[in-house]
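Pasted the sequence and its predicted model underneath.
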Amino acid sequence: MPSQKFRANPAYLQLATIAENCMQWFKKLLPINWQHNAMQTLRHKLIHHGASVSFKKQICTLRLNASYRYKTEVEAIYQNLTQEIEFAKLAKHQALDKFRK
């Protein structure tokens, strides 16, 4: 454990568990042939390539360079993420409707 203080260690372990769960959830959004990659490899493929970020009216937009090697993969990840968000919204509304009845 990273600390000599007894109470700090459970907090560290909890944060490490949350980080691992987020990483595993993110990997489910990836194309199947990318899911076996380590996070370091994914970070290199997804982040260390050219893109521009712009903000207009408090909306963040990521624009990939035309020559970006993994553009189709990133678009597939975005599509999967959009579907997950829509599914979560639908499940939330269904749960609220069930609760109101």
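Cool, got the structure.

what are the ranges of the helices in the chain?
Applying DSSP state H to the chain gives helices spanning 8-29, 39-46, 71-100.

Serialize those helices to a markdown table and add fields for distance to F55.
C-beta coordinates here come from the backbone N, C-alpha and C atoms, glycine included. Formatted as a markdown table, the helices of the chain follow (distance: least, C-beta to C-beta, whole Å):
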| stretch | distance to F55 |
| --- | --- |
| helix 8-29 | 23 |
| helix 39-46 | 20 |
| helix 71-100 | 18 |
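
I'd like those written out as JSON lines, with mean pLDDT and mean neighbour count added.
Putting the helices of the chain into JSON lines (pLDDT from 0 to 100; neighbours: other C-beta atoms under 10 Å) gives the following:
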{"stretch": "helix 8-29", "mean pLDDT": "88", "mean neighbour count": "11"}
{"stretch": "helix 39-46", "mean pLDDT": "82", "mean neighbour count": "13"}
{"stretch": "helix 71-100", "mean pLDDT": "84", "mean neighbour count": "11"}
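
Indicate which one of those helices is closest to K56.
K56 sits nearest to helix 71-100 of all the helices of the chain, at 18.4 Å, using C-beta to C-beta.

quick one: that closest one to chain centroid distance?
On the basis of C-alpha atoms, centre = their mean, to the nearest Å, the separation between the geometric centre of helix 71-100 and that of its chain is 13 Å.

before we move on, the earlier item: out of the helices of the chain, the one nearest Q58 is which?
Counting by C-beta to C-beta, Q58 lies closest to helix 71-100 out of the helices of the chain; the figure is 18.5 Å.

A76 touches N33, doesn't it?
No: with contact taken as C-beta atoms under 8 Å, A76 and N33 are classed as non-touching, separated by 10.6 Å.

do you know which of the helices of the chain lies nearest S52?
When the helices of the chain are ranked by proximity to S52 (C-beta to C-beta), helix 71-100 comes first, at 13.6 Å.

Report the angle between that closest one and helix 39-46.
Taking axes from the mean of the first three to the mean of the last three C-alpha atoms, to 10 degrees, one finds helix 71-100 and helix 39-46 inclined to each other by 110 degrees.

how close does the residue sitting nearest the centre point of the chain sit to Q79?
Against the mean C-alpha coordinate of the chain, by C-alpha atoms, centre = their mean, the closest residue is F26 at 4.3 Å. In this view, F26 and Q79 are 14 Å apart by C-beta to C-beta, to the nearest Å.
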